[in-house]
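Colleague: what follows is a predicted structure for the sequence shown.
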Amino acid sequence: MATRLSPVLNRIDSTLDDAVARLLDLLAIPSISTDPAYKADCARAADWLVADLATIGVKAETIATPGHPMVMGHVDGPAGQDTPHLVFYGHYDVQPVDPLSLWNNDPFAPAVEATAKGKVIRGRGSSDDKGQLMTFVEACRAWVAEHGQLPCEITFFFEGEEESGSPSLVPFMKEYKDRLKGDVALICDTGLFGHDTPAIVTMLRGLMGEEIVIKAADKDLHSGMYGGPAQNPIRVLTRILAGLHDDQGRVTLDGFYDGVPELPADVAAQWEALGFDHEAFLGEVDLNLPAGEKDRSALEMIWSRPTMEFNGITGGYTGDGFKTVLPAQASAKVSARLVGTQDPHKIRESLRAYVEANLPADCTVEFHPHGASPASVMETSHPAFEAARNALSDEWPNEAAFVGCGGSIPIAGYFKKIVGVDALLAGFGRDDDAIHSPNEKYDLECFHKGIRSWARILDAVSTQTKG
């Protein structure tokens with residue numbers, strides 16, 4: 001198969017300037033999904049993608065939603081060949097650019113810049129996610145240019161609301177799930193591990209959020225007159241929060257670890273080979289020692305272990321100066337990152353039961369839920385995963401690894417839950433790309449090698465039979 005891949009890679013190399021020009025054209029469209037003032041620009045970006053896909057023989061269309069349009073396109077695989085059906089997802093909307101004063105140049109006047117570390121593509125959306133989306137499109141363009149067709153059946157699915165919470169996504173996927181049901185979904189919205197190590201994300205942590213509000217007296221009280229006999233909601237709340245972890249860093253909630261798997265030996269070996277330096281990782285934020293579970297490595301804690309964290313706490317007087325009061329109420333925002341088959345709803349119930357069981361007389365509690373989504377664990381036994389890992393290893397200096405992700409990427413879970421398809425997440429961003437921040441960039445090397453990487457993956461995966 002190397003003979004059919006070589007001319008594709010050569011074309012990618014020789015036409016890189018043209019690919020960059022197309023990306024700059026897309027980046028110049030201010031498709032900020034959160035701001036209604038840019039609604040027309042989001043539609044313009046969707047139309048741009050439909051027109052661009054048409055140039056490579058993909059029949060595509062925009063489909064209206066209550067928010068910004070979706071883009072869907074499809075191309076059949078080679079006639080008479082039992083190739084897999086791939087579904088590629090990306091998003092064309094971008095984050096707002098505020099504060100504009102911190103940008104060195106207009107965020108929607110993208111350009112290639114020379115830096116001390118090499119050339120970069122500068123502009124909002126260059127890394128998240130227009131640049132990454134276009135790595136796949138450009139790989140497909142090179143395949144069509146060399147062979148007259150794509151090597152397998154592909155559905156293109158581009159969203160315009162990812163940066164604004166994806167309010168239209170779930171209803172859309174439910175309505176169009178028959179068109180999205182391939183053998184595997186491809187998502188390019190992640191990054192490299194380190195500078196030159198490609199990664200396929202196979203574990204995404206879920207998330208459960210809960211706000212706890214504890215109330216006591218019907219008004220703030222003078223601490224000199226009531227301190228002692230009156231309940232203090234801050235003291236009650238902090239005692240309850242402190243009890244959620246033991247001295248070993250483990251969460252104490254009943255049933256919290258139900259469904260938490262141990263890391264498979266082969267995956268553990270891959271992670272060990274990555275040489276993750278927790279001292280350097282923590283040192284970047286002026287910390288030294290890992291907290292959390294004492295018997296787990298920092299990388300395990302980020303990728304494959306659940307957490308219970310406190311994201312905000314309020315109560316009493318917090319302004320300038322001093323005010324000696326016992327507050328009438330205190331509140332905390334608590335979130336749990338989940339792995340394996342942990343049930344976010346059962347964990348919420350367990351958290352509420354724990355709080356209520358430890359609530360003293362004269363206090364009441366209110367709970368306000370803030371989302372609940374389970375973890376996503378990809379079935380890496382599907383042959384596409386190992387084929388893609390080997391293909392990435394052939395392109396980059398270091399061998400590709402199956403990795404976890406400490407955050408949550410809902411689209412991967414939606415593919416699994418709604419469509420019944422595992423998602424293969426491979427991206428080429430770097431940690432210093434400043435996504436969501438001023439002066440966002442995408443290394444020209446990452447754009448170039450990202451295109452080559454997808455070409456290799458298409459070559460490797462398209463030789464597999466349908467799942």
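Modeller: Looks like it arrived, so ask away. As the structure is a computational prediction, the values presented were derived from the model and not from experiment. Residues are numbered from 1 along each chain as shown.

Colleague: per-domain residue ranges of the protein.
Modeller: Domain ranges of the chain: 2-204+375-461, 206-260+306-373, per automatic domain parsing.

Colleague: between these, which gets nearest to Gly275?
Modeller: When the domains of the chain are compared by Cβ to Cβ, domain 2-204+375-461 sits nearest Gly275, at 8.3 Å. The C-beta positions use only the backbone N, C-alpha and C, and glycine is treated the same way.

Colleague: who touches stretch 281-294?
Modeller: With contacts defined as Cβ atoms under 8 Å, 6 or more residues apart in numbering, stretch 281-294 is touched by Gln248, Gly249, Arg250, His278, Glu279, Ser297, Ala298, Met301, Arg305, Thr307.

Colleague: in that stretch, which of the residues would be classed as buried?
Modeller: Pro290, Gly292, Glu293 (16 or more other Cβ atoms under 10 Å).

Colleague: ok, now stretch 364-377?
Modeller: If you call a residue buried by 16+ other Cβ under 10 Å, then stretch 364-377 has these buried ones: Val365, Ala372, Ser373, Pro374, Ala375, Ser376, Val377.

Colleague: any idea how far it is from the chain center?
Modeller: 19 Å (Cα atoms, centre = their mean, to the nearest Å).

Colleague: stretch 17-36 now?
Modeller: When C-alpha coordinates are averaged (Cα atoms, centre = their mean), stretch 17-36 and its chain have centres 20 Å apart.

Colleague: just the ones of the buried residues of stretch 281-294 in strands?
Modeller: Taking DSSP state E, every one of those sits outside strands.

Colleague: turn these into CSV, columns for distance to Ser462 and pLDDT.
Modeller: As requested, these are exported to CSV (distance: Cβ to Cβ, whole Å; pLDDT from 0 to 100):
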residue, distance to Ser462, pLDDT
Pro290, 42, 93
Gly292, 42, 94
Glu293, 42, 96
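
Colleague: between those residues, which is closest to Ala328?
Modeller: Nearest to Ala328 among those, with distances taken as Cβ to Cβ, is Gly292, at 33.9 Å.

Colleague: tell me the contacts of the spatially most central residue of the chain?
Modeller: By Cα atoms, centre = their mean, the mean C-alpha position of the chain lies nearest to Ile409, the distance being 3.7 Å. Counting by Cβ under 8 Å, 6+ apart, Ile409 makes contact with Ile187, Asp189, Thr190, Val201, Leu204, Ser376, Leu425.

Colleague: which non-adjacent residue is nearest Thr15?
Modeller: Ala142 (7.3 Å; Cβ to Cβ, 6 or more residues apart in numbering).

Colleague: downstream of the strand or helix carrying the one you found, the next helix or strand is which one?
Modeller: If you go by DSSP states H and E, Ala142 is part of helix 130-147. Next helix or strand after helix 130-147 toward the C-terminus (DSSP H and E): strand 153-159.

Colleague: against which helices or strands is that following strand packed?
Modeller: Applying 3 or more Cβ pairs under 8 Å, 6 or more residues apart in numbering; DSSP states H and E, we find strand 153-159 packed against helix 39-54, strand 70-75, strand 85-91, helix 130-147, helix 177-180.

Colleague: which of those sits closest to Ala384?
Modeller: Nearest to Ala384 among these is strand 85-91; the distance by Cβ to Cβ comes to 8.1 Å.

Colleague: let me see the mean pLDDT of that closest one.
Modeller: If you average the pLDDT over strand 85-91, you get 98.
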